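> Just the structure for this:
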Amino acid sequence: MSEAKLRGECEAKLRGDLAALCRLAAKFGWQEATANHISLAVSDDGTQFLINRRWRDFATLKASELALLDCNASDLPEDIDSTAWAIHGAIHRLVPQARCVVHLHPIYATALSCLRDPILYPVDQTSARFFKRVAIDSAYAGMADNRTEGERLAKILGKKKILMMGNHGLLSIGESAAEAFDAFYHFERAARTLMLAYGTRRKLNVLQDKMAEQTARSWESEPEFGEAFFAEMRRSLNQDYLD
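Next comes the predicted model:
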């Protein structure tokens, strides 16, 4: 098989994975209106990546409609949002492990991001998964629509896989669409539990650091769980739109 054909088949698979992730985001109510963006690297260095076009509903998105962008390009296509370019372009370029970048405004994680103390405390085994594993940006600076802001966010993210964007939303990364989806899904679930606990106005029963760390490592010992979860969720979708 020729190298060009192999590249084409690889891109086709990635398009299907990204379209599935977008549709799942819609299914779980994570997308805000027709904003927000999810991207998936195509090239080895991450400078070429797929991303949803401006103002497209995730619920009806097709794999063939995804845009292929190049970080080194001088001009931005008219149907690509400047904030998507600033955030995703910088992270793909500067964070090697960020093959997939999910940036959305899910209800509970966004609500948590609006608190003066936006830490996801380990109050159950799902929230404990993220114990000391979340980067927090507490300096909201308006719409992230420029290169400098994207680079600032990439620096804050560093080697972590979750970025709590204060007064804004949530961002997760992964070495695959499955990994980024799994992290995002469980963080939003954990944020929901914590926000509901806050709503009782009773004192939180936060796990001890040692137990929280032990639980987080247990999650990390079974990385294939995320791949299996994404595969099952993808099977629930209409496959006709993922090609």
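> ok, longest helix in this structure?
In the chain, taking DSSP state H as the definition, the longest helix is helix 3-27.
> what's next to that one, contact-wise?
Residues outside helix 3-27 that contact it (C-beta atoms under 8 Å, 6 or more residues apart in numbering) are 31, 36, 38-40, 42, 50, 52, 57-59, 61-64, 66, 68, 100, 102, 104, 176-178, 180-181, 230, 233-234, 237, 241-243. Just so you know, the C-beta spots here come from the backbone N, C-alpha and C atoms, and that holds for glycine as well.
> ranges for the helices of the chain?
Counting by DSSP H, the helices of the chain are 3-27, 82-94, 107-113, 125-128, 147-157, 177-199, 209-220, 224-235.
> Give the residue spans of the chain that score low on pLDDT.
Within the chain, the stretches with pLDDT under 70 are 1-8, 243.
> tell me, what residue is most central in the chain?
By C-alpha atoms, centre = their mean, the chain has its centre lying nearest to residue 102, at 2.2 Å.
> pretty sure residue 36 contacts residue 103?
Yes - counting by C-beta atoms under 8 Å, residue 36 touches residue 103, with 6.3 Å between them.
> More neighbours: which of the two?
Just comparing residue 36 and residue 103: by other C-beta atoms under 10 Å the higher neighbour count belongs to residue 103, 25 against 21.
> Look up how far residue 77 lies from the more buried one.
19 Å (C-beta to C-beta, to the nearest Å).
> cool, and residue 221?
Distance, residue 221 to residue 77, using C-beta to C-beta: 42 Å.
> With neighbour numbers in mind, choose between the two.
Shown here are residue 221 and residue 77; by other C-beta under 10 Å, residue 77 has more neighbours (12 against 8).
> my read: that one touches residue 70, true?
No - judged on C-beta under 8 Å, residue 77 makes no contact with residue 70 at a distance of 10.6 Å.
> Now do the contacts for residue 50.
Shown in contact with residue 50 (C-beta under 8 Å, 6+ apart): 11, 14, 15, 18, 39, 40, 42, 66, 67, 68, 69.
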